[in-house]
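S.K.: pasting the structure only:
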């Protein structure tokens, strides 16, 4: 996936197991949006965790062939696990979410994508989810060399934390393991933050720095 190894903390299930899953609420019975879902893998995981319905969106402009890939992943995993996942994929840009009549969500994920919108677009989108009482989970990006100027600024966790607080989220936290370039920021209405595995995270950071 993106040239990474299967054990990468930056992509795929390595990233999911390392930092994403521990910053999620109990999704049982929730309706979930995964924005910028590309391969749809996290949509399947969210459905496995008990999501009532999971909607994955992405755009052919930024990820050509994404829906064909996502549907293939879904079909293969349904065949392998002999089950059906209530996951649907839609071609849609993030900035069009408020006007797309997708219905209400309980949880919205933005994995390394929200910062590509401008500041007004980010504020508008976060306010949209705040009004519907949805928890928002955002993954930032501090190690990408292709991000410059304002995009690099918006990709930092401090920026996303300030935007979540600005729109009114009463509980906001940052999960930023030492030397890890994809920290998570969560905005929600009740505190379910995880017990951070500080020593384990520091050990992983030490190992990565020497590989």
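M.R.: Perfect, thanks for sending it. All of these numbers come straight from a predicted model, not from anything done at the bench.

S.K.: which helices and strands does the helix ranked longest in the chain pack with?
M.R.: Counting residues, the longest helix in the chain under DSSP state H turns out to be helix 66-81. Contacts defined by 3 or more C-beta pairs under 8 Å, 6 or more residues apart in numbering; DSSP states H and E place helix 66-81 against helix 41-48, strand 53-58, strand 87-91. Glycine gets a C-beta too; all of them are placed from N, C-alpha and C.

S.K.: can you give me the helices for this protein?
M.R.: 12-15, 41-48, 66-81, 119-131, 149-154, 157-167, 198-209.

S.K.: same question for the shortest one, mean pLDDT?
M.R.: Helix 12-15 shows an average pLDDT of 79 in the prediction.

S.K.: Output the contacting helices and strands for that helix.
M.R.: helix 41-48.

S.K.: contacting residues for the residue positioned nearest the centre of the chain?
M.R.: Closest to where the C-alpha atoms of the chain average out (C-alpha atoms, centre = their mean) is residue 111, at 3.0 Å. Contacts for residue 111 were tallied using C-beta atoms under 8 Å, 6 or more residues apart in numbering; they are 15, 20, 34, 36, 42, 139.

S.K.: Kindly tell me how buried the fifth one is, as a neighbour count.
M.R.: Other residues near residue 42 come to 24 when the count uses other C-beta atoms under 10 Å.

S.K.: swap in residue 150?
M.R.: Neighbours of residue 150 (other C-beta under 10 Å): 12.

S.K.: next one: the one 3 residues further on
M.R.: By the measure other C-beta under 10 Å, the count of residues near residue 153 is 13.

S.K.: just residue 73 next, same as before
M.R.: 17.
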